[in-house]
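A.B. asks: Pasting the sequence and the predicted model now:
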Amino acid sequence: MTGDVREPTYEGTRRLRVRYALLTAALFAPLLYSFLAVRNVYPFAASTMMMAGGDLGRGASYYRLRGENASGEIIDLPPAELTDALSWRHWSLVGETVKNRQFTIYKPHPANDTLAASAGGVEKLPRAARLAELLRAWGGIYNSRLPDGSPRRLRAVRLEAYRWEGGAYGDYERFVESWRVEL
Amino acid sequence: MTRGVPDTAEALGMVRAGVFGFVCCEVLLTSFSDLGRLPVTVLRPTGVMRLLPWGFYERLLTPASMSAFKWLFAAALLAATAGALTSVSTKAAAVLFLFYQGLLRSFTHFNHDEMPAAYILLVLAFTPCGDAFSLDALRGGRRALPGGSWVYGYPVLLARLLLAWSYFTSALIKLRVAGLGYLSADNLPALAVSNSLDNMHDTQFRAALWLPAYREYTPPLVALVVLWELLFPLAVWLPRARAVILTIGVLFHLGTLFIMNIFFPYHLAMYLVFVDWPRVVGKARGLLLSRFGAREPGAA
């Protein structure tokens, strides 16, 4: 008798039943809490995507990533082609970086704490305080795939912010602001 | 309870191979080193990911470290898919998947796409999913357990329930948060348009811009989707309902892709837990034998 759940005995079968019961409880109890509290606590999801629905009056702020290559051409630079690991989720990385959300989490990165302190507090930081690093990283990834001297290599990356004011379907592309970094 | 659920060691083994195999393909096709080039200062660790110190993230988020992580992860997934050292490899792969998804969510936002897959991997990791259809079984290291059909049927049932939970609660939360306002004529068009203007989504379909012209037809469509999500649990037990519900599911996810540029590939892939694989393989084998089998012995 080894106590292994694989033992073809009553004891082995009982242990397997207990294991299944614990597994079920360990998964469904936190999932039930997440659902009742409408709260996502990784790794337990409350299926909150699209829960509020769309609102015509709210409109939308959105972003376009572009690159300026060595030959002066402006190209569209979808982040999904640069960091495919973040597929279907780049929009929130950019949106949250523009809003400086990295500085307002429970325990920010020490470099972010230092930057906020030097600015006199998080609220005094310029918008998109860490965006330049992100744009530079994306530009670097794009250029790393091209040979040196290629006219397609980027010399700058920029993020353009637009606004659809809502209220009516149309006039979707009101330019708001942009950020540009040289590579 | 496991009525209508395949309950053999072979069925559970095939589900293991399919689920881990899908994740393995996804990981092999993804560049981890590019992710390692992103600055650690844009990271916002979420949930249990907050327990890890910043020094760990700094060491991990380099192209070399992320590449090493990728190959370790892929090796665990490959072993779990093949059913080699199943007990260890499935646990390692499930934990690494959980960590990887937490890392991605720490850069971005928490959505529930990959989460049922994460839970299903955990279920498989703690059940005897390597007793058949595995290298371990071929080597004679494992054999099917006695004790009744629940031994292999319950994990498959649990996997189905986890996916059904995702859809069911998604519908309930919509009704709780937005109420009947969720069925307003502008819900779908406004949501679809706002997801179709940027170049941050993986696809840039512009079909949403046509939707406002047909806005009065969208509330019944949205109501049908909510109803379908509420009825999804029926697919766990009822074979006839299953075929309809899963077909609508495929159409729904393709619809959100083309209309909203939102896609949940992991949810779609996890539909494989609803398939009775030994039966499918048996039918395919029978079909092949009836077509080609007669020619084999001295056919010439």
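C.D. replies: Arrived safely.

A.B. asks: what about the nearest residue in space to residue B:201 that is not next to it in sequence, how many residues close to it?
C.D. replies: Spatially, and ignoring its direct neighbours in sequence, residue B:201 is nearest to residue B:261 (4.0 Å; Cβ to Cβ, 6 or more residues apart in numbering or on different chains). (Glycine included, C-beta is placed from N, CA and C.) Using other Cβ atoms under 10 Å in any protein chain shown, residue B:261 is surrounded by 23 other residues.

A.B. asks: what about residue B:261, distance to residue A:164?
C.D. replies: 15 Å (Cβ to Cβ, to the nearest Å).

A.B. asks: quick one, phi psi at the closest residue to chain A within chain B?
C.D. replies: Using Cβ to the nearest Cβ, the closest approach of chain B to chain A is made by residue B:47 at 2.6 Å. Main-chain dihedrals, residue B:47, degrees, to the nearest 10: phi 50, psi -130.

A.B. asks: can I assume it is in contact with residue A:45?
C.D. replies: No. Distance between residue B:47 and residue A:45: 9.8 Å, which falls outside the contact criterion (Cβ atoms under 8 Å).

A.B. asks: host element of residue B:221?
C.D. replies: Here residue B:221, judged by DSSP states H and E, is contained in helix B:218-231.

A.B. asks: helices or strands up against that helix?
C.D. replies: Counting contacts by 3 or more Cβ pairs under 8 Å, 6 or more residues apart in numbering or on different chains; DSSP states H and E, helix B:218-231 packs against helix B:150-178, helix B:187-194, helix B:239-260.

A.B. asks: which of these sits most buried?
C.D. replies: With neighbours taken as mean count of other Cβ atoms under 10 Å in any protein chain shown, these reach their highest mean count in helix B:187-194, at a mean of 24.

A.B. asks: Tell me the helices and strands packed up against it.
C.D. replies: strand A:60-69, helix B:218-231, helix B:239-260.

A.B. asks: can you do 7 Å?
C.D. replies: Counting by 3 or more Cβ pairs under 7 Å, 6 or more residues apart in numbering or on different chains; DSSP states H and E, the packing neighbours recorded for helix B:187-194 are helix B:218-231, helix B:239-260.

A.B. asks: I'd like the helices and strands packed on helix B:218-231 as CSV, with mean pLDDT appended.
C.D. replies: Shown next, in CSV, are the helices and strands packed on helix B:218-231 (pLDDT from 0 to 100):
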stretch, mean pLDDT
helix B:150-178, 94
helix B:187-194, 95
helix B:239-260, 96
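
A.B. asks: So residue B:47 and residue A:45 - more neighbours on which side?
C.D. replies: Neighbour count, other Cβ under 10 Å: between residue B:47 and residue A:45, residue A:45 has more, with 29 against 16.

A.B. asks: Residue B:229 versus that one, what's the distance?
C.D. replies: According to Cβ to Cβ, residue A:45 and residue B:229 sit 15 Å apart.

A.B. asks: How many residues are close by the closest residue to residue A:85 other than its chain neighbours?
C.D. replies: Leaving aside its chain neighbours, residue A:85 sits nearest to residue B:35 (4.2 Å; criterion: Cβ to Cβ, 6+ apart). Number of residues near residue B:35 (other Cβ under 10 Å) recorded here: 26.

A.B. asks: Now for residue B:35: which residues touch it?
C.D. replies: Taking Cβ atoms under 7 Å, 6 or more residues apart in numbering or on different chains, we find residue B:35 in contact with A:83, A:85, B:66.

A.B. asks: Selection in PyMOL covering whichever of those are buried, please.
C.D. replies: Buried residues among those (16 or more other Cβ atoms under 10 Å in any protein chain shown), as a PyMOL selection:
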select buried, (chain A and resi 83+85) or (chain B and resi 66)
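
A.B. asks: and the closest residue to chain B within chain A, how many residues sit next to it?
C.D. replies: With Cβ to the nearest Cβ, the shortest gap between chain A and chain B falls at residue A:42, namely 2.6 Å. Look at residue A:42: counted by other Cβ under 10 Å, it has 20 neighbours.

A.B. asks: same check, this time on residue B:18
C.D. replies: There are 17 residues near residue B:18, going by other Cβ under 10 Å.

A.B. asks: What are the boundaries of the helices in the stretch 1-150 of chain B?
C.D. replies: B:9-28, B:32-35, B:54-60, B:63-82, B:86-107, B:115-125, B:135-138, B:150-178 (DSSP state H, counting those that start in this stretch).

A.B. asks: Using the three-state scheme, assign residue A:163.
C.D. replies: Secondary structure, DSSP: H, G, I helix; E, B strand; the rest coil: residue A:163 is strand.

A.B. asks: Am I right that the residue nearest to residue B:201 is in contact with residue B:205?
C.D. replies: Yes. Using Cβ atoms under 7 Å, residue B:261 is in contact with residue B:205, at 5.7 Å.

A.B. asks: what's the overlap in contacts for those two?
C.D. replies: residue B:196.

A.B. asks: related to what we said a few turns ago, among the helices of the stretch 1-150 of chain B, which is the most enclosed?
C.D. replies: Most buried of those by mean neighbour count (mean count of other Cβ under 10 Å) is helix B:115-125; its value is a mean of 26.

A.B. asks: now for that one, which elements pack on it?
C.D. replies: Contacting helix B:115-125 under the criterion 3+ Cβ pairs under 7 Å, 6+ apart are the following elements: helix B:9-28, helix B:86-107, helix B:150-178.
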